[in-house]
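1. Build the 3D model from these lines:
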Amino acid sequence: MERRKFIKQSVLGVAATASPLHTDRARFRLNYAPKFGTFKHHAGDDLISQLKFMAEVGFKGLTDDGMRYRSPEIQNKIASQMAGSGMMMGVMAGHKYYWNEPNLTSGKENCLNEFLSDIKTSVETAKRVNAKWLVVMPGTLNGHLDMGYQTSNVIEALKRACDILEPQGLVMVLEPVNRQIPHLFLTTINQAYSICKSVDSPSCKIMNDLYHQQITEGNLLFNIEKAWDEIACFQIADNPGRMEPFTGEINYTNIFRRLHAKGYKGIIGMEHG
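-> You can find the predicted model right below:
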């Protein structure tokens, strides 16, 4: 990743200032959260060294989708380093992702029980690493059921998960994914918005991955505005190629300015190469 280029353009994109950047430590106005591996060429393979590097250059958070699969010992070390550096924990997977099966859309009791069991396990991980947001993906379409029945099955499963998450102050974030990954149930922001309104819980919100949405529907600023009250966090990458911001067709300067103007205080996960 071209660190200096991202830092310079990101700061200019969200700060109402003409001052040049004089140091390697960025004065970010938003909570950008890189993932492990982004800076391995700068900091090596050790996760704690990577975290230290992120903090040293000004990043305020960490994205780690696979946190729930790390050992408690590693989780505790990561949490300790983030706390010492004043960093926020971004999103982590809330369950085993369903890429090839209609899990939550099926309405089957065994599928629901597996999902809820994973959510309970992720609650313990979230407590350990001071996480707040758990990513949820309902799985693929069920060819044997009409869309309305599938949607009802998903809503019921999410309500059951909210019974677990609400007392803990945790939030699952639904991630719509672009249609280049075939047969997935959840693909658009307006679909996720409708589901969140039906679940009607502070523990069920949206993660707006702007890369996916640029491919699926575009109209990024419009959908940010329309779904704002149900969006908990964002992920960024540019299209084509899922590479870093300012390398493709998405106008991230305008997006960062809009988020800053709206007073957004959540995480912006850097999900890119």
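2. all strands for the stretch 51-200 of the chain, in order.
-> All strands of the stretch 51-200 of the chain, identified by DSSP state E, counting those that start in this stretch, fall at 61-62, 88-89, 92-93, 133-136, 171-174.
3. could you dump those strands to JSON lines with mean neighbour count?
-> To be clear about C-beta, it is placed using only N, CA and C from the backbone, and glycine gets the same treatment. As requested, these are exported to JSON lines (neighbours: other CB atoms under 10 Å):
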{"stretch": "strand 61-62", "mean neighbour count": "27"}
{"stretch": "strand 88-89", "mean neighbour count": "20"}
{"stretch": "strand 92-93", "mean neighbour count": "22"}
{"stretch": "strand 133-136", "mean neighbour count": "24"}
{"stretch": "strand 171-174", "mean neighbour count": "26"}
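4. Gly107: which of the ones you listed is closest?
-> strand 133-136 (16.4 Å; CB to CB).
5. by contact count, what packs against that closest one?
-> strand 92-93, helix 109-129, helix 147-165, strand 171-174 (3 or more CB pairs under 8 Å, 6 or more residues apart in numbering; DSSP states H and E).
6. tell me the most buried of these?
-> strand 171-174 (a mean of 26; mean count of other CB atoms under 10 Å).
7. packing partners for that one?
-> Using 3+ CB pairs under 8 Å, 6+ apart, strand 171-174 is in contact with strand 133-136, helix 147-165, helix 189-199, strand 204-209, strand 231-236.
8. need the contact list for Cys162.
-> Residues near Cys162 by CB atoms under 8 Å, 6 or more residues apart in numbering: 172, 199, 201, 203-204.
9. Make CSV from the strands of the stretch 51-200 of the chain and add mean pLDDT and distance to Leu51 to it.
-> Listed next are those as CSV, based on pLDDT from 0 to 100; distance: least, CB to CB, whole Å:
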stretch, mean pLDDT, distance to Leu51
strand 61-62, 97, 7
strand 88-89, 96, 11
strand 92-93, 97, 15
strand 133-136, 98, 18
strand 171-174, 98, 22
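10. picking up where we left off before, just send the helices and strands packed on strand 133-136 back as a markdown table, with distance to Ser194 too.
-> Below are the helices and strands packed on strand 133-136 laid out as a markdown table (distance: least, CB to CB, whole Å):
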| stretch | distance to Ser194 |
| --- | --- |
| strand 92-93 | 23 |
| helix 109-129 | 20 |
| helix 147-165 | 8 |
| strand 171-174 | 11 |
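11. Of all the ones you listed, which one is nearest Ala43?
-> helix 109-129 (19.4 Å).
12. and the angle from that closest one to helix 147-165?
-> 40 degrees (axes from the mean of the first three to the mean of the last three CA atoms, to 10 degrees).
13. Show me what the mean pLDDT comes to for helix 109-129.
-> If you average the pLDDT over helix 109-129, you get 97.
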